[in-house]
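Visitor: after the sequence you'll find the predicted model.
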Amino acid sequence: MNQHRPDRPRRDRLPRLFTFGALGADDLRVLPELLRGETVGGALMLAATVAALLWANLGPESYEGLRHTYLGPLNLQHWAADGLLTVFFFVAGLELKREFVSGSLSRPRDALVPVVAAIAGMVVPAGIYLVTNLVGRDGKPTGWAIPMATDIAFALAILAAVGSRLPTSLRAFLLTLAIVDDLGAIIVIAVVFTSGVSLAWLAGALGCAGVWWFLQRRRVDLGWVYVPLFVLGWWCMLSSGVHATIAGVLFGLLTRSTAEDPHDPADRWQHFWHPISAGAVVPMFALLSAGVSVNLPALREVFTTPVGLGIVLGLVLGKPIGVFGGAYLTARFTRATLAPDLRWLEVFSVSMLAGVGFTVAIFVSELAFVGDEHLVSEAKAAVLIASAIAGVLAAIGLRRRTAHRVALQQDS
C-alpha cells in the first residue's frame, strides 16, 4: 500500500530482533518495517491471543484483576476498547481515505465486484445469526453484527504466509473486501451501539473534526497541533455517548490525500502509525479482551447455544457464501469483471479467509452483550473457534491453489 516503502530489511539482521543481543540503531530501524508487513503483525496478535487464553485459564483471578484495574476514569479493559482501538480505527480511516482517492475504491468498475462481495459477506452472516437465534431457544438476536467483520491483519497475514505466489490482484481483492467490511462495521457501531447521546459533547467532537479538516485544507503540517486535537476530539466523542472509536475513523477520513502526491499526510501518517497499531495497539487489545474460559462445558456451549452456533455458522459458512456468491453474481450479471489473472477457486479460498473475524468481532461482542459477562465470554469463544476453523480451511485452499499455479509454471 505504501508507495514509498523502503527496501525489505536484510535477513541477517532479523534474528537479533528476537534475541537478547545488543541492538544497534540500524537494527531498531528494521522493526517498524517488519511491523508494516502483515505476517509479523498477525503473529504478534496470535501470540497475544494465546497468552490471554493461557492466562485466563491458568490464572483467572489475576487476569480479571488486571482487566478491571482502573487507570484514571477507565479500567484497562475499557482503555483497550475505547482508547487503543481508536488508533487502530484511525489507521483504518487513513487507509480508507487513500483507497477512495487513489486506490482500489477510486475506480467504481474495478471496485464493484469486491465491494458487492463485501456487502453480501456482511448481510449473509448476519442473516444466518438472526435465523439461528430467532428459531433457537433463548436466542439473543442483538448479537447479529458479531459475524459481519473480517480481521484485516489476520486475513492478510495468512494470505502472505501461504499465498505469496498467487497474483497480487488477489491481495487487492481481499484488502478491498476487508476495508469495506471495516466501513460497514464502523457504521453499525455508530448507528446501532450508540445510545443516550449528549449533543453538547458531540458538538465538541465535531468541532474538533472541523478544525482538523480546516488545518488539513490549509496544509498545516505540525504534529504537535494534531496530537492534542486528536485526544480532545476522542474525549469529546467518548463523553458524548457515541463510541469513541468513531473519532479515529473520522479524523482518518478527514486527513488530506491526493492521487498526485504519494507523500501526502494520509500516506505518511499511515506509514508512521501502522507499526504502532500492529505492534502494540492490536496485540494489547487482544491480550486484554481475548481471555475466555476454555473447557468442555464452554466449548459445548459454543456449538449448542444459539449465540455460539450463530457466530460459528455466520463466520465459517455465511462469509464464504456471501462473499463468493456476491462476487460471482456481480461478475455474471453486470459489466463489472474479475481481475483477469484471478480464478474463481482462488476467490473462493479468499472468501473462506473472510471468515477470520477477530478484532472487530470481539469488540462488537462486548458492545452487543454489554453487562452480561457470560454471553460476552461465549461470543468471544465462538469468534476464536470460528476464526481458527475459517483460517485453517482458507490456508488449505490457498496452499493448494499455490501448488497448482507453481505446477502450471513448471509445465510451461
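Guide: Done, it's in. Keep in mind it's a predicted model, so treat the numbers as computed, not measured.

Visitor: please count neighbours and contacts with C-alpha atoms only from this point.
Guide: Noted.

Visitor: now do the helices in the stretch 151-300 of the chain.
Guide: For the stretch 151-300 of the chain, the helices defined by DSSP state H, counting those that start in this stretch cover 152-162, 168-192, 199-217, 223-240, 245-253, 265-276, 282-289, 296-304.

Visitor: nearest to residue 129, out of those?
Guide: Residue 129 lies closest, by CA to CA, to one member of the helices of the stretch 151-300 of the chain: helix 296-304, at 13.0 Å.

Visitor: quick check: buried residues in the closest one?
Guide: 298-299, 301-303 (16 or more other CA atoms under 10 Å).

Visitor: can you check stretch 70-88 too?
Guide: Across stretch 70-88, burial judged by 16+ other CA under 10 Å covers 76-88.

Visitor: what's the mean pLDDT across stretch 182-202?
Guide: Summarised as a single mean, pLDDT over stretch 182-202 is 83.

Visitor: hang on, I meant stretch 284-292
Guide: Averaging pLDDT along stretch 284-292 yields 86.

Visitor: picking up where we left off before, tabulate the helices of the stretch 151-300 of the chain (CSV), appending distance to residue 49.
Guide: Below are those laid out as CSV (distance: least, CA to CA, whole Å):
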stretch, distance to residue 49
helix 152-162, 12
helix 168-192, 21
helix 199-217, 33
helix 223-240, 26
helix 245-253, 21
helix 265-276, 18
helix 282-289, 5
helix 296-304, 17
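
Visitor: in CSV: the buried residues of stretch 70-88, plus secondary structure and pLDDT.
Guide: Formatted as CSV, those follow (DSSP: H, G, I helix; E, B strand; the rest coil; pLDDT from 0 to 100):
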residue, secondary structure, pLDDT
76, helix, 92
77, helix, 87
78, helix, 88
79, helix, 92
80, helix, 89
81, helix, 84
82, helix, 87
83, helix, 90
84, helix, 89
85, helix, 86
86, helix, 91
87, helix, 92
88, helix, 87
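
Visitor: sorry, back to before: show me the one of the helices of the stretch 151-300 of the chain that comes nearest residue 98.
Guide: Checking the helices of the stretch 151-300 of the chain against residue 98 by CA to CA gives helix 265-276 as the closest, at 6.8 Å.

Visitor: mind listing residues that contact the closest one?
Guide: With CA atoms under 8 Å, 6 or more residues apart in numbering as the test, helix 265-276 has contacts from 2, 32-33, 35-36, 87, 91, 94-95, 97-98, 252, 255-257.

Visitor: that one: how far from the chain's middle?
Guide: How far helix 265-276 lies from its chain's middle: 16 Å, per CA atoms, centre = their mean, to the nearest Å.

Visitor: centroid residue for the chain?
Guide: Nearest to the centroid of the C-alpha atoms of the chain, with distances taken as CA atoms, centre = their mean, sits residue 151, at 3.6 Å.

Visitor: nearest residue to it in space, ignoring adjacent ones along the chain?
Guide: residue 357 (4.8 Å; CA to CA, 6 or more residues apart in numbering).

Visitor: contacts only, for that neighbour.
Guide: By CA under 8 Å, 6+ apart, the neighbours of residue 357 are 147-151, 315, 383, 387.

Visitor: just the pLDDT for it.
Guide: 86.

Visitor: one more: residue 412?
Guide: Confidence score, pLDDT, at residue 412: 67.

Visitor: same deal with residue 69?
Guide: Per-residue pLDDT puts residue 69 at 94.

Visitor: residues contacting it?
Guide: Going by CA under 8 Å, 6+ apart, residue 69 touches 75-76.

Visitor: measure it to residue 371 for me?
Guide: Separation of residue 69 from residue 371 (CA to CA, to the nearest Å): 17 Å.

Visitor: buried stuff in the helix or strand where residue 124 lies?
Guide: Element membership of residue 124, judged by DSSP states H and E, is helix 108-135. Using 16+ other CA under 10 Å as the test for burial, helix 108-135 gives 110-133.

Visitor: tell me what that helix is packed against?
Guide: helix 168-192, helix 306-313, helix 319-333 (3 or more CA pairs under 8 Å, 6 or more residues apart in numbering; DSSP states H and E).

Visitor: please, which helix or strand holds residue 52?
Guide: Judged by DSSP H and E, residue 52 forms part of helix 38-58.

Visitor: what's the first helix or strand after the host helix or strand of residue 352?
Guide: Using DSSP H and E, residue 352 sits within helix 344-353. Counting by DSSP H and E, the next helix or strand C-terminal to helix 344-353 is helix 359-368.
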